[in-house]
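Engineer: Kindly return the folded structure for what I paste below:
(one chain, ligands or ions: 1)
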Amino acid sequence: MSDVLAVNAVHLTKTYGRLAAVDDVTVQVAQGEVYGVLGPNGAGKTTLLRMLFGLIRPDGGTLEVFGRSWRQHGVGSLSGVAGFIESPKFYPHLTGRRNLRLLAGLDGGDAADRVDQVLDVVGLTDRRHDKVRGYSFGMRQRLGVASALLRDPRLLVLDEPANGLDPAGIRDMRDLVRRLADTGLTVLLSSHDMAEVEQICDNVTIMKAGAVVHHGSIAALREQAPQQAHRITTTDDDRAADLARSRGLEVDPVETGLAVRGPQKDVDALVADIVDAGIALRGLTRDETPLEALFFMLTESAPAATGAHR
Ligand SMILES: Nc1ncnc2c1ncn2[C@@H]1O[C@H](COP(=O)(O)OP(=O)(O)OP(=O)(O)O)[C@@H](O)[C@H]1O
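Structural biologist: The predicted structure is shown next:
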């Protein structure tokens, strides 16, 4: 695999009036990886992706895709890049296959020969003769990936590909992205869902209000995450809190009772302690995952960037 980065975006800035939609953002994506740009609404993810597609020009910083910059290579810098921003659009009264054939005609080259192959890759062969109007949202998203694959890209850029999908659609999209990555394709996707990014990405940049608040590998992020929290409600939360502390668990009072944080086995033992003490357990729920908790900590309070750029 070549050392040239698939994406080398350094100190990118894009402002709208006084708003820095993207503020000094560095994102470096190695060839063959699945990279996530994660952030809440308005963090600047789509603006970053638009710059990658050459749809808007950065006000500052440099951007290279497979070693080519817009300044030097113009539209040629985008060869090998395909994907979609927001949701892909198709003619609803035409079949999935017909839509792809139309797009292949616009793309030219050997795209037309690839229509059936890409439909197969995204799992739409059985539905290829159905009108897009009857497709589920998840099927339209996958048809969007198929339309990008017509161009035989080296870098697939997907803006919130799982947004609005039901759990089965999310699973299908996740499996599809991983399958594509296994073929050596580089994938850059945006998301506001840590659970999604955690399952499919190797590395991640987390953005908040235009700026990077963290970047690095998912594995490193896991090490920084707090322990799993549970919420418990009992008939005597004060005594339950004492029992939790004596097990070495972190305890915080919350509106519905107590939030306890610590290893699962200690939480399990606490439940037994509570019952043994004659206290009734009225509720026990698992909180967000540790990585989700870290994501909220970073995007709701972080003042500055953490982690070193590669
Ligand atoms: N063309 C534009 N003109 C003015 N402001 C814009 C423009 N495009 C984006 N913005 C602003 O820039 C900020 C970042 O927007 P962006 O769409 O990149 O965020 P995002 O992370 O993709 O959020 P979402 O998940 O809601 O799409 C927002 O405050 C948005 O209102």
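
Engineer: residues touching the nearest residue to Asn8 once chain neighbours are set aside, list them.
Structural biologist: Spatially, and ignoring its direct neighbours in sequence, Asn8 is nearest to Glu64 (4.4 Å; CB to CB, 6 or more residues apart in numbering). C-beta coordinates here come from the backbone N, C-alpha and C atoms, glycine included. By CB atoms under 8 Å, 6 or more residues apart in numbering, Glu64 lies in contact with 5, 7-9, 77.

Engineer: Also Val115?
Structural biologist: By CB under 8 Å, 6+ apart, the neighbours of Val115 are 97, 100-101, 104, 150.

Engineer: could you measure it against Asn163, distance?
Structural biologist: Using CB to CB, to the nearest Å, Val115 is found at 26 Å from Asn163.

Engineer: What is the lowest-pLDDT residue among the contacts of Glu64?
Structural biologist: Within the set of these, pLDDT is lowest for Ser77 (83).

Engineer: ok, which stretches of the stretch 201-310 of the chain are helices?
Structural biologist: 218-224, 237-246, 264-276, 290-301 (DSSP state H, counting those that start in this stretch).

Engineer: Alongside the ligand, which residues does the protein contribute?
Structural biologist: 16, 19, 21, 39, 41-47, 192 (CB under 6 Å from any ligand atom).

Engineer: can you tell me which two in those are farthest apart?
Structural biologist: Using CB to CB, the pair of the residues of the chain next to the ligand lying farthest apart is Tyr16 and His192, separated by 20.2 Å.

Engineer: Report the residue spans of the protein with pLDDT below the cut-off.
Structural biologist: 1-2, 301-310 (pLDDT under 70).

Engineer: got a list of what the most centrally placed residue in it touches?
Structural biologist: The structure's the chain has its C-alpha centroid closest to Ser191; by CA atoms, centre = their mean the separation is 3.5 Å. Contacts for Ser191 (CB under 8 Å, 6+ apart) come out as 36-38, 45, 160-163, 197.

Engineer: So which of the residues you listed sit within helices?
Structural biologist: 45, 197 (DSSP state H).

Engineer: Tell me the helices and strands packed up against the longest helix anywhere in the chain.
Structural biologist: Ranked by number of residues, the top helix in the chain under DSSP H is helix 167-182. On a contact count with 3 or more CB pairs under 8 Å, 6 or more residues apart in numbering; DSSP states H and E, helix 167-182 meets strand 34-38, helix 115-121, helix 137-149, strand 186-191, helix 194-200.

Engineer: quick one: the residue of the chain positioned farthest from its centre from the ligand, how far?
Structural biologist: The outermost residue of the chain relative to its centre, with distances by CA atoms, centre = their mean, is Gly278 at 45.1 Å. According to CB to the nearest ligand atom, to the nearest Å, Gly278 stands 49 Å off from the ligand.

Engineer: what do you get for Ala272?
Structural biologist: Ala272 is 43 Å from the ligand, by CB to the nearest ligand atom.

Engineer: Give the burial count for that residue, as a bare number.
Structural biologist: Ala272 has 10 neighbours, counted by other CB atoms under 10 Å.

Engineer: Repeat that for Gly67.
Structural biologist: 14.

Engineer: ok, it touching Val4?
Structural biologist: Yes. Using CB atoms under 8 Å, Gly67 makes contact with Val4 at a distance of 4.4 Å.

Engineer: check contacts around the residue nearest to Ala6 when sequence neighbours are not counted.
Structural biologist: Take Ala6 and drop its neighbours on the chain: the residue closest to it by CB to CB, 6+ apart is Thr186, 4.1 Å away. Neighbour list for Thr186: 6-7, 29-35, 154-156 [criterion: CB under 8 Å, 6+ apart].
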